[in-house]
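Engineer: Pasting the sequence and the predicted model now:
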Amino acid sequence: MSLGQIYKRTKGVILSPLAHWWEGQRDRHLAMLGTLSFLGFSLVMWSVVFFFFLDGAMDPELADIVQLTWIGLMVGITLLIFAAPEFFHYHAQWSVLMGVLESTSRADLGRQRKEAEEAAALLGTVWTARLSVHFIEHGLIRARDMPEGADRGVPEDFFIQWWVTEDSRLSRWFSIEGLRSPRINRSLGLLGFVTAALEFCNMAFGLVRNENGDRVNTLNIWDWLNGVEIDSTPAPYFDDLSGWAVMILASLLFWATFPASGERDTPEDEEE
C-alpha cells in the first residue's frame with residue numbers, strides 16, 4: 001500500500017492530521033523518503049552487525065543496548081517496508097524528469113511532455129514550475145499557459161536543493177569529481193550531522209558508563225585516544241577541547257555540503 005493510499009484511507013480518523021501534514025509536504029517527499037529509507041537501512045545493518053558479528057546478545061558489556069537494538073531493528077524494517085518502495089518510485093520519476101530538463105531537443109521534449117508532466121505533478125510544485133520554465137524556454141508552451149501558481153522565478157526549497165545539489169561548497173573547495181555526486185554529498189552531510197549530534201549528546205548527557213553501569217559520563221576523546229586510565233567525566237562536561245574540535249569539524253562538514261552560492265567558475269575562468 002502506498003503512502004498516498006494510506007492518506008486517502010485515513011481521512012476522518014485519528015491519523016488524518018499526520019496524513020494531511022504529509023500530503024502538504026509533497027515538494028519534499030523525495031528527500032524525506034530518501035532520508036527515511038537511508039535511516040531504515042542503517043538501523044537494519046547495525047542490527048545485523050550487532051547480533052551476528054559483535055555477538056551483542058551474548059556479551060554482558062553490551063546488554064544495556066540489546067533492547068534498543070531490537071527496537072531499532074523493528075523501526076528499520078518498518079521504514080524499509082513503507083518508505084523504500086515509495087522512494088524508488090519517486091526516484092524513478094525524478095530520473096525521468098531530470099532527463100527531460102537536461103534535454104534541449106524540442107522534438108524529444110514534445111514526445112516526453114506527458115510523462116514529464118506526470119512526474120513533476122508527483123514530485124510537487126517546485127518541479128512543476130521548473131518543467132514549465134524549461135518548456136517555455138524551448139517554445140513548447142507560452143508563458144501565459146503556465147500552471148496557476150507557478151512562478152517564472154521558479155520557487156526553491158533549501159532541503160530539495162541540498163538533496164540534489166552537484167555544486168556544494170565542499171566540491172568547490174576540493175577539485176574532486178566524486179564530491180559533485182549528490183549521493184556522496186548527502187552521505188557526507190549526514191555523517192557530519194550525526195557525528196556532531198552524537199558529540200553534543202556525549203558532552204551534555206554522557207554516552208559512557210560510570211562505575212555503576214549507567215551511561216551518564218562524557219567521554220574525553222583526547223584522553224581516550226592517548227590511553228589515559230581516567231577517560232570519562234560525569235556529564236554535563238564541556239571542557240574537553242578535543243570534543244569541541246570533533247563537533248566543530250563535523251558541523252563544518254555538514255555545512256560544507258550545502259549548495260554553494262553564485263555561479264561555478266568554468267575551466268576557462270580558472271585559467272584566466
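Structural biologist: Right, received. Where do you want to start?
Engineer: Please count neighbours and contacts with C-alpha atoms only from this point.
Structural biologist: Will do.
Engineer: Quick check on Asn219: phi, psi?
Structural biologist: For the record, residue 219 is Leu, not Asn. phi -80, psi 120 (degrees, to the nearest 10).
Engineer: Specify the beta-bridge partners of it.
Structural biologist: With DSSP bridges applied, Leu219 shows beta-bridge pairing to Ser232.
Engineer: hang on, it packs against Gly206?
Structural biologist: Yes: taking contacts as CA atoms under 8 Å, Leu219 lies within contact range of Gly206: 7.2 Å.
Engineer: Using the three-state scheme, assign the residue lying closest to Leu123 once chain neighbours are set aside.
Structural biologist: Excluding the flanking residues, the one nearest Leu123 by CA to CA, 6 or more residues apart in numbering is Asp27, at 5.9 Å. Put simply, Asp27 is helix when judged by DSSP: H, G, I helix; E, B strand; the rest coil.
Engineer: low-confidence ranges in the stretch 151-272 of the chain?
Structural biologist: 151-157, 227-231, 262, 264-272 (pLDDT under 70).
Engineer: what are the ranges of the strands in it?
Structural biologist: 208-209, 215-219, 232-234 (DSSP state E, counting those that start in this stretch).
Engineer: if we compare those strands, which one ends up closest to Ser168?
Structural biologist: strand 215-219 (32.6 Å; CA to CA).
Engineer: elements contacting the closest one?
Structural biologist: Under the contact criterion of 3 or more CA pairs under 8 Å, 6 or more residues apart in numbering; DSSP states H and E, strand 215-219 touches helix 182-204, strand 208-209, strand 232-234.
Engineer: where's the shortest one relative to the chain centroid, distance-wise?
Structural biologist: To tie it back to what came earlier, the one meant is strand 208-209. 29 Å (CA atoms, centre = their mean, to the nearest Å).
Engineer: That one pairs with which strands, and in what direction?
Structural biologist: strand 215-219 (antiparallel).
Engineer: The strand it pairs with to helix 182-204, inter-axis angle?
Structural biologist: 110 degrees (axes from the mean of the first three to the mean of the last three CA atoms, to 10 degrees).
Engineer: Only alpha carbons, please: show strand 215-219 as CSV.
Structural biologist: The C-alpha coordinates for strand 215-219 follow below in CSV (Å, rounded to 0.1, in the frame of the first residue of the first chain):
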residue,chain,number,x,y,z
ARG,A,215,25.6,5.8,30.7
VAL,A,216,25.9,9.3,32.2
ASN,A,217,29.6,10.0,31.7
THR,A,218,31.2,12.2,29.0
LEU,A,219,34.0,10.5,27.0
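Engineer: And for that strand, what's in contact with it?
Structural biologist: Residues outside strand 215-219 that contact it (CA atoms under 8 Å, 6 or more residues apart in numbering) are 202-210, 231-237.
Engineer: From Gly189, how far out is the residue nearest to the spatial centre of the chain?
Structural biologist: Nearest to the geometric centre of the chain sits Thr35, at 4.3 Å (CA atoms, centre = their mean). Applying CA to CA, to the nearest Å, the value for Thr35 to Gly189 is 12 Å.
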